[in-house]
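1. Fold the following.
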Amino acid sequence: MKNYISDVIVQLSSNEASFRIERLYVNKLNVVLVQILKHEWPVRWRSFIPDLVAAAKTSETICENCMAILKLLSEEVFDFSRGEMTQQKIKDLKQSLNSEFQLIHELCLYVLSASQRTELIRATLSTLHAFLSWIPLGYIFESPLLETLLKFFPVPAYRNLTLQCLTEVAALNFGDFYNVQYVKMYSIFMVQLQVILPPTTNIPEAYAHGSSEEQAFIQNLALFFTSFYKFHIRVLEVTQENINALLMGLEYLTNISYVDDTEVFKVCLDYWNSLVLELFEAHHNIDNPAVAAANMMGLQMPMLPGIVDGIGSQILQRRQLFAIPMSKLRMLMICRMAKPEEVLIVEDENGNIVRETMKDNDVLVQYKIMRETLIYLSHLDHEDTEKQMLKKLSKQLSGEDWTWNNLNTLCWAIGSISGSMMEEQENRFLVMVIRDLLNLCEITKGKDNKAVIASNIMYVVGQYPRFLRAHWKFLKTVVNKLFEFMHETHPGVQDMACDTFLKIVQKCKRKFVIVQVGENEPFVSELLTGLPTTIADLEPHQIHTFYESVGHMIQAESDPQKRDEYLQRLMELPNQKWVEIIGKARQSVDFLKDQDVIRTVLNILQTNTSVANSLGTYFLSQISLIFLDMLNVYRMYSELISSSIAEGGPFASKTSYVKLLRSVKRETLKLIETFLDKAEDQPQIGKQFVPPMMDPVLGDYARNLPDARESEVLSLFATIINKYKAAMIEDVPRIFEAVFQCTLEMITKNFEDYPEHRLKFFSLLRAIATHCFPALIRLSSQQLKLVMDSIIWAFRHTERNIAETGLNLLLEMLKNFQNSEFCNQFYQSYFLQIEQEIFAVLTDTFHKPGFKLHVLVLQHLFCLVESGGLTEPLWDVATVPYPYPNNTMFVREYTIKLLSTSFPNMTAAEVTQFVNGLFESRNELSAFKNHIRDFLVQSKEFSAQDNKDLYAEEAAAQRERERQRMLSIPGLIAPNEIQDEMLDS
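-> You can find the predicted model right below:
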């Protein structure tokens, strides 16, 4: 096969015409050849590289194709090998490529010096680019390669490819051995660059009007500078001549950073972030010079005081050196600040307005990096940061720089450094900022302009809770200003006003319930008196946010009597309406069927949920008022839904009327769940609220048609069990009876229908297994089989969160049964089935995200069988003629059989070796996991796929370490995100 393919390739690429016409076909053949090579070379095809080089010398087109093959080979071995080949195979291939590189190197240099063909030279540069990241260093620095590359750099046809090669060289990092060569390369490069792209060029403009080649050149230039500086910036900080070249390069990079292209900006931003972090850490440690010194020299030991002083001055010198570039960088960050996370107002499938926070899009990621960079820059020089921000703000006022975008980015930047200054400085700075913004709002004409300024004022104020807590007059002015904005009908302003109000109240709630100097009553009381006017122009969803905010204030009041009085005043409007509706319903039930009345009921319930959310336990007096009536409405609406669906068939469930009725049912469940979830440990609350719900909620769920069952019933009872734990054991049979069988019938027909019910059902099951396990033991064996089947059904899901819930639930069950008296019975029934099913999902390539949990289940099974905890045989004594000496022997043999039938392409020896390895590494989780990972990669099923999910756990540990680091630097975690109750006293 390999000979045939080699021949076809040579034949097609030996003459120009056929090579150009059949280009696509040749490329495919090259890919096939490299796949063969991965198996054959170096063992069964030793002469591959010499053969290739010899062929390349026979004609220029063959040579060009050989370059393409070499490039493919390099990419396969060095770039895409993780998770596709076993560790050993990758190592062998790398060694072979390294040892035979001499021939390839000579060929490349020969082509570059002798050939006149543009395509061939481009192919050679492209191949070199793939090789430069791993070849032995002597081939780069002790041969004419770098000079040759720098010679090609000014030639337009080769400029981009050469620049990519130089970037690879710049990214190599291995100590100081070749520093001289790096300085020389950089100096020659900078001289040439000034000819190609004069320093006075307006790069953003040139980029906007450039051809795609020219744009690629700017991108590559950014990559070159960032790679070079990331690893070798120190070699340029020595002589004045080098320093000048370095500062010029940084100037180029700053100008490239203004280019309006996300990818280019990302490259620059990543580097700026790492440079500023490095300068900041040195500056941060200067208070502890020994640490700084050790960091600087890479030592882990204390130093003598004399050396330390020298190092302190070195750090200061270095800061001096970068002062001007850093100042320009502050301006860049302020001008290009990304938008912080947004809150969107969207309509859900039932036509209700809900709020959604955009969690992770590119802009948000960019904002986080920019914010972090600006905080480091602010720590390095607070004065300069403040000066630049205020200067830019004054230009907004004078009108010379006024645009919406300029004001937005400036205010996002001001908001982003909250917490990084000392308190006095922050106070002084903010007073000036807010004064200027309020002036700007006064002098600017036009409704749209005023709205933009208003939203920026709200944004900035919302970012500085520490300042507001310390200045009551200011806080009061701000809140009253927000109340004004609540009457402003410009799109988005009211939403933002309600949001900012909530944000501020959460951080300053105590300030509103005490009598402040110069006031007659607490602010909350004044607010409740004027409440009807304040909310007069708000939409329902905005009113809910407003009510939630006031709930936070009331929650901060410590006197129970005042608290209840405030709550009663807050709920006066919705309660009046509720009493009126219930009163009319008592006279005629049909009154409740009117669409407008249903909408009002929904709105009242949503208002209650919002307050329950912020008040928690203290909401008790309010929910008690409406609880029983609410259950009656629930029951009635449920019957209405069932009769509509029974009469109108399945389509009735899609009508707006039925959707509206269901919204009321859902909101009722949500209100009860929110209250029970937030109410602090008060078992009597459970006793008071759970029994009355048994029939109206649980009974109703069982009686309803599948399409009319609310999945929220399942999550409500999961919350109740998680909250009241073992106290609920007596009720579990009742819950089981109502929801189990009927929900299973809904979700086991396929993997798609009723997605909400699926997840919530398994969450409920998990709550029961965790807190009410004794109730599961009391189930009949048929019922337990249903439970186990449903768990297996869950982890077979390709829907990630359902599969994960199922696997976590399985682990709970396995551990609980292991410690119960039914250990043998349970494992005799389910051990082999679970092992078989877990191996099925582990190896079928559709369930990779569950890898970590699959491994834990298998580890549990193998440890259990080895521990001797199972005293009864796992095999079926009736059908197995000879008894095994113990369970371990049986499971080993069973597993070998199971895997041999599943992977017919693996030899018996390979499978046996794998199974023995599982038993040997069972007590050491990471070894056990790596052993399984290598087996999966070796089994052909996994080899051609993206296997990053197999490494997800390692990535998560890295994220946690990063969070701990961020907590140690003032301002890096925004004041809004830190849980600080006490600061508010």
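
2. Any stretches of the stretch 601-750 of the chain with poor pLDDT?
-> Scanning the stretch 601-750 of the chain for pLDDT under 70 picks out 681.

3. and the lengthiest helix in the chain, what does it pack onto?
-> Using DSSP state H to define each element, the chain has its longest helix at helix 620-648. Helix 620-648 sits against helix 560-570, helix 572-587, helix 595-615, helix 656-678, helix 683-693, helix 700-703, with contacts defined as 3 or more Cβ pairs under 8 Å, 6 or more residues apart in numbering; DSSP states H and E. Using the backbone N, CA and C atoms, a C-beta is placed for each residue, glycine as well.

4. Now Tyr229. Nearest residue, chain neighbours left out?
-> Distances taken as Cβ to Cβ, 6 or more residues apart in numbering put Tyr271 closest to Tyr229, at 6.5 Å, once the chain neighbours are dropped.

5. rewinding a little: among the helices and strands packed on helix 620-648, which comes closest to Phe152?
-> The minimum distance between Phe152 and the helices and strands packed on helix 620-648 falls on helix 595-615, with 65.7 Å, by Cβ to Cβ.

6. who are the neighbours of the closest one, in terms of helices and strands?
-> For helix 595-615, the packing partners by 3+ Cβ pairs under 8 Å, 6+ apart come out as helix 540-555, helix 560-570, helix 572-587, helix 620-648, helix 656-678.

7. Would you reformat the ones you listed as JSON lines and include distance to Gln506?
-> Formatted as JSON lines, those follow (distance: least, Cβ to Cβ, whole Å):
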{"stretch": "helix 540-555", "distance to Gln506": "6"}
{"stretch": "helix 560-570", "distance to Gln506": "17"}
{"stretch": "helix 572-587", "distance to Gln506": "22"}
{"stretch": "helix 620-648", "distance to Gln506": "20"}
{"stretch": "helix 656-678", "distance to Gln506": "15"}
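
8. right, and those - which one's nearest Gln35?
-> helix 656-678 (54.3 Å).

9. And that closest one, what's buried?
-> Residues of helix 656-678 classed as buried: 658, 660-676, 678 (neighbour count, 16 or more other Cβ atoms under 10 Å).

10. on that earlier part again, distance between the helix or strand hosting the residue nearest to Tyr229 and the chain's centre?
-> Tyr271 belongs to helix 262-284 when assigned by DSSP states H and E. Centre-to-centre, helix 262-284 and its host chain are 21 Å apart (Cα atoms, centre = their mean, to the nearest Å).

11. now swap in stretch 380-400 and tell me
-> 34 Å.

12. I would like the residues contacting that stretch, please.
-> Stretch 380-400 has contacts (Cβ atoms under 8 Å, 6 or more residues apart in numbering) with 276, 279-280, 283, 319, 323, 326-327, 330-331, 334, 374, 377-378, 401-402, 406-407, 410, 413-414, 417, 420-422, 425, 429, 432-433, 436-437, 439-440, 443.

13. What's the separation between Leu397 and Cys441?
-> 11 Å (Cβ to Cβ, to the nearest Å).

14. With adjacent residues omitted, what lies nearest to Ala908?
-> If the residues on either side of it in the chain are set aside, Ala908 comes closest to Ser900, at 6.4 Å by Cβ to Cβ, 6+ apart.

15. Can you name the helix or strand that the one you found falls in?
-> helix 887-902.

16. so where's the stretch 251-400 of the chain shaky on pLDDT?
-> Residues of the stretch 251-400 of the chain that meet the criterion pLDDT under 70 lie in 286-311, 342-360.

17. can you rerun that using 90?
-> Low-confidence segments of the stretch 251-400 of the chain (pLDDT under 90): 282-317, 319, 339-365, 399-400.

18. how about the strands of it, start to end?
-> Using DSSP state E, counting those that start in this stretch, the strands found in the stretch 251-400 of the chain span residues 343-347, 353-357.

19. so Ile334 sits right up against Ala413, yeah?
-> Yes - Ile334 lies in contact with Ala413 (Cβ atoms under 8 Å); the separation is 4.5 Å.

20. give the contact list for the residue nearest to Tyr229.
-> With Cβ under 8 Å, 6+ apart, Tyr271 has these contacts: Phe225, Thr226, Tyr229, Lys230, Leu253.

21. Go through those and flag which are in strands.
-> Among the contacts of Tyr271, no member falls in strands (DSSP state E).

22. Going by distance to Val267, which of the residues you listed wins?
-> Of all the contacts of Tyr271, Thr226 has the smallest distance to Val267: 5.8 Å, by Cβ to Cβ.

23. so Glu557 sits in a strand?
-> No - assigned with DSSP: H, G, I helix; E, B strand; the rest coil, Glu557 falls outside any strand and is coil.

24. how near is it to Asn704?
-> Distance of Glu557 to Asn704, given as Cβ to Cβ: 42 Å.

25. Neighbour count: the two, which is higher?
-> For Glu557 versus Asn704, the count of surrounding residues by other Cβ atoms under 10 Å is larger for Glu557: 22 against 18.

26. I'd assumed Arg563 was in contact with that one.
-> Yes - with contact defined as Cβ under 8 Å, Glu557 reaches Arg563; the gap is 4.6 Å.

27. Neighbours of Ile128, how many?
-> No Ile there; residue 128 is Leu. Leu128 has 30 nearby residues by other Cβ under 10 Å.

28. surely it meets Cys108?
-> Yes - Leu128 is in contact with Cys108 according to Cβ under 8 Å; the separation is 5.7 Å.

29. quick one: common contacting residues for those two?
-> Leu145.

30. Next up, the contacts around the closest residue to Thr871 other than its chain neighbours.
-> Nearest residue to Thr871 in three dimensions, chain neighbours excluded: Asn824, at 6.1 Å (Cβ to Cβ, 6+ apart). Listed by Cβ under 8 Å, 6+ apart, the contact set of Asn824 reads Leu870, Thr871, Glu872.

31. for Ala727, same thing?
-> Pro683, Gly686.

32. What separation do you get for it and Ile721?
-> Computed as Cβ to Cβ, the Ala727 to Ile721 distance reads 9 Å.

33. Which pLDDT value goes with Gln958?
-> In this prediction, Gln958 carries a pLDDT score of 78.

34. what does Leu221 give?
-> Looking at Leu221, its pLDDT stands at 98.

35. Quick check, it in contact with Leu163.
-> Yes - the criterion here is Cβ under 8 Å, and Leu221 meets it with Leu163 at 6.7 Å.

36. How many residues are close by Asn15?
-> 12.

37. For it, which residues are in contact?
-> Asn15 neighbours (Cβ under 8 Å, 6+ apart): Ser59, Thr61.

38. now Val633
-> Here Val633 is in contact with Ala585, Leu592, Val601, Val664, Thr668 (Cβ under 8 Å, 6+ apart).

39. picking that back up, dump the helices and strands packed on helix 620-648 to JSON lines, plus distance to Arg758.
-> Shown next, in JSON lines, are these (distance: least, Cβ to Cβ, whole Å):
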{"stretch": "helix 560-570", "distance to Arg758": "38"}
{"stretch": "helix 572-587", "distance to Arg758": "34"}
{"stretch": "helix 595-615", "distance to Arg758": "24"}
{"stretch": "helix 656-678", "distance to Arg758": "17"}
{"stretch": "helix 683-693", "distance to Arg758": "23"}
{"stretch": "helix 700-703", "distance to Arg758": "15"}
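
40. Tell me which of these lies nearest to Glu119.
-> Between the helices and strands packed on helix 620-648, helix 656-678 lies closest to Glu119; by Cβ to Cβ that is 64.0 Å.

41. Now Leu377: closest residue in space, sequence neighbours ignored.
-> Arg330 is the one closest to Leu377 (Cβ to Cβ, 6+ apart), at 5.2 Å.
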